[in-house]
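In: Please find the sequence and the predicted model below.
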Amino acid sequence: QTCALPISEVDRAAVAPYFLYVYVPGPKTWYRGVRQVEPGGMVVFDRGGASQARKYWTLTFHEAGQVPTVSRPEATARVRELVVDAVKRRLMSDVPLGAFLSGGVDSTVIVGVMRQLGVSPLKTFSIGFEGDAAYDETAEAKRTAARFQTDHTEFRVKPSAFDLLDTLIWHHDGAFGDSSAIPTYLVAKLTRQHVTVALTGDGGDEVFAGYLRFRAASMASQIPAPLRGLAGSLLQLVPPGANDRHWRSRAARFGRALTLPLHERVTRWNSYFDADLEALVDESSIDRLQHIRSVMPGMEGRSPLSQLLLANFTSYLADDLLVKADRCTMANSLEARSPFLDRALIEYVAALPDHYKLDGSRTKAILRDAFADLRSEEHTSELQSH
């Protein structure tokens, strides 16, 4: 005799946020009656089968004006110490390990620290795209690998890689719209042929304020309100660039949301079908801030940057980046470890002054300063999304 589990029904309330963010914000899922265990949380079951969910850790930021005073040299030294300790803890393994290497600041720091800690041979892996140099970081990764004398392997994505869509949907338990899942799956598959554990640079942008949208939000807040509408209208007249990383494309996207409040502005910049959403789904189901609604009380009294960091950490990182990394690596029996998501490091950096993280036009300022000796002289900028 067999017992078949009932097939869950799709939750129609998940459709609108999926079109906005290309993922379903937790703790909800695609399926009615199915919820995720929240990050930093647990579910406890008693003997009778009753369950209770509770949080054991929550990221917090100091209120504006109450940020502890710490000198720049002291903070820089402490960041370096915490990153090195975080990498060292994640090197404990009875199986071969390596690292993902894009050539950007985050992965360069991880690989450089691994080299300084004596990992040898150090195997590194990168992936590139054929046909569009704007999305190809393999050249910088190759230069970084040469500097640290790693055993480097690269893989290049071809158009046929889109044949993986059905496989990725299966591993994600439903629709998942982040296109970088394709190269992530492929580099994980490649990496697993050589090692069992790989360190990644995931979390560097979220912890140290690395995304361009953080800088854009800071710039927008400095424009007097009466001028935002005019500036936004003028920027929307800029013709689109060759891709969404081109400066003209970014300028137009920047202008489209200048007049909106902070979180709506950033959500609009990152949304995929925001302008067409009402034509796709029932308007009553649209909540553009659903992905951060639960943490908004923790934003009160915090600086704009702290609010954005908290929002990004609890939504995009948890529901997109880490889901993608976990599903794509475990689908290939590869364990991914992320030193930048070390709890002690996260809490220390969250308590630092804003300008230590976003210093004018410099993103991840204190991380760059802490590991200036590991960064290539040829490396002048990091390709960043959004």
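Out: Looks like it came in fine. Numbers count the residues shown, from 1 in each chain.

In: shaky segments in this protein?
Out: In the predicted model of the chain, residues 1-7, 131-136, 159-162, 376-386 satisfy pLDDT under 70.

In: what ranges do the strands span in it?
Out: 41-45, 51-55, 97-100, 123-129, 151-157, 197-199, 335-337 (DSSP state E).

In: give me the number of residues near the residue nearest to residue 358 when sequence neighbours are not counted?
Out: The shortest distance from residue 358 to any non-neighbouring residue, by Cβ to Cβ, 6 or more residues apart in numbering, is to residue 209 (4.6 Å). Bear in mind the C-beta positions are built from the backbone N, C-alpha and C, glycine included. Residues within reach of residue 209, counting by other Cβ atoms under 10 Å, total 28.

In: now do the one 10 residues further on
Out: For residue 219, the neighbour count with other Cβ under 10 Å is 12.

In: List the contacts of it.
Out: If a contact means Cβ atoms under 8 Å, 6 or more residues apart in numbering, then residue 219 has no contacts.

In: Return the backbone torsion pair for the residue lying closest to residue 232 once chain neighbours are set aside.
Out: Nearest residue to residue 232, sequence neighbours excluded (Cβ to Cβ, 6+ apart): residue 258, at 3.8 Å. The phi and psi values for residue 258, taken as degrees, to the nearest 10, are phi -60, psi -30.

In: ok, residue 258 to residue 74 distance?
Out: From residue 258 across to residue 74, the span is 38 Å (Cβ to Cβ, to the nearest Å).

In: Which of those two has more residues huddled nearby?
Out: residue 258 (22 against 9).

In: For residue 235, see how far away that one is.
Out: Residue 258 is 8 Å from residue 235, by Cβ to Cβ.

In: Let me have the strands of the chain in a markdown table, adding mean neighbour count and distance to residue 287 as columns.
Out: Formatted as a markdown table, the strands of the chain follow (neighbours: other Cβ atoms under 10 Å; distance: least, Cβ to Cβ, whole Å):
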| stretch | mean neighbour count | distance to residue 287 |
| --- | --- | --- |
| strand 41-45 | 11 | 22 |
| strand 51-55 | 10 | 22 |
| strand 97-100 | 25 | 35 |
| strand 123-129 | 24 | 34 |
| strand 151-157 | 17 | 35 |
| strand 197-199 | 24 | 37 |
| strand 335-337 | 20 | 32 |
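
In: can you give me the helices in the stretch 51-200 of the chain?
Out: Per DSSP state H, counting those that start in this stretch, the stretch 51-200 of the chain carries helices over the ranges 72-89, 105-116, 138-147, 165-171, 181-192.

In: For the strands of the chain, could you give me CSV that also reports distance to residue 80?
Out: Converted to CSV, the strands of the chain look like this (distance: least, Cβ to Cβ, whole Å):
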stretch, distance to residue 80
strand 41-45, 31
strand 51-55, 30
strand 97-100, 18
strand 123-129, 21
strand 151-157, 25
strand 197-199, 17
strand 335-337, 19
